[in-house]
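*Asks:* Below are the sequence and a predicted model for it; my questions follow.
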Amino acid sequence: MRILHTMLRVGDLEKSLDFYTRVVGMTLLRRHDYPEGRFTLAFVGFGPEDTHPALELTHNWDTAKYELGTAYGHIALGVSDIHATANAIRQAGGKVIREPGPMKHGTTVIAFVEDPDGYKVELIQQKT
Ligand SMILES: C[C@@H](O)C(=O)SC[C@H](NC(=O)CC[C@H](N)C(=O)O)C(=O)NCC(=O)O
Ligand code: NI
């Protein structure tokens, strides 16, 4: 068994695709419209779905905004150079909401960026 994808409902698919591909560096793996259901599914990730987990961006055509609530936490990405990655995301127009540094009450070096819908994406410095 393995994690195939995490589904996020997004209000503006083009803005989300720009963030996850151009800003974060993921690839658009596939995209399909479902006109009868008035929604589109777009899968993004860092590799093919048969070997890599993906994000399933779900765009309901008639919904432009969602209440994220207080339960959602984040999606985590492992990075080799957290400072360079955070700066690159910032330079590309991404919102870094928590600068790189050791996590509170711990030692793992993390940062947080926010996607167009306000979903948090954690960057975690990977040990070399
Ligand atoms: C290890 C890494 O994957 C983490 O996500 S730890 C990040 C850390 N999490 C918490 O503090 C969880 C408890 C918190 N009360 C909650 O419900 O979110 C975190 O968010 N730290 C914040 C920071 O700025 O270090
Ligand atoms: Ni985490």
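*Replies:* Nice, thanks for sending it over. Ligands and ions are numbered 1, 2, ... in the order given.
*Asks:* where does the chain come near ligand 1, residue by residue?
*Replies:* For the chain, the contact set with ligand 1 under Cβ under 6 Å from any ligand atom comprises Ala76, Arg98, Met103, Lys104, Thr108, Ile110, Glu122, Ile124. The way it works is simple: take the backbone N, C-alpha and C, and place the C-beta from them, glycine included.
*Asks:* Go through these and name the one nearest Pro53.
*Replies:* Within the residues of the chain next to ligand 1, the smallest distance to Pro53 is 11.0 Å, found for Ala76 (Cβ to Cβ).
*Asks:* quick one: strands adjacent to the helix or strand hosting the closest one?
*Replies:* Using DSSP states H and E, Ala76 falls within strand 75-79. Strand pairing for strand 75-79, using DSSP bridges, gives strand 120-125 (parallel).
*Asks:* and the partner strand, C-alpha only, in PDB?
*Replies:* Written as PDB, here are the backbone C-alpha positions of strand 120-125 (Å, rounded to 0.1, in the frame of the first residue of the first chain):
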ATOM      1  CA  LYS A 120       0.000  25.600   4.200                       C
ATOM      2  CA  VAL A 121       2.900  23.800   2.500                       C
ATOM      3  CA  GLU A 122       5.800  22.900   4.900                       C
ATOM      4  CA  LEU A 123       9.400  22.800   3.700                       C
ATOM      5  CA  ILE A 124      11.600  20.400   5.700                       C
ATOM      6  CA  GLN A 125      15.400  20.500   5.400                       C
END
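*Asks:* tell me the mean pLDDT over that strand?
*Replies:* For strand 120-125, mean pLDDT is 98.
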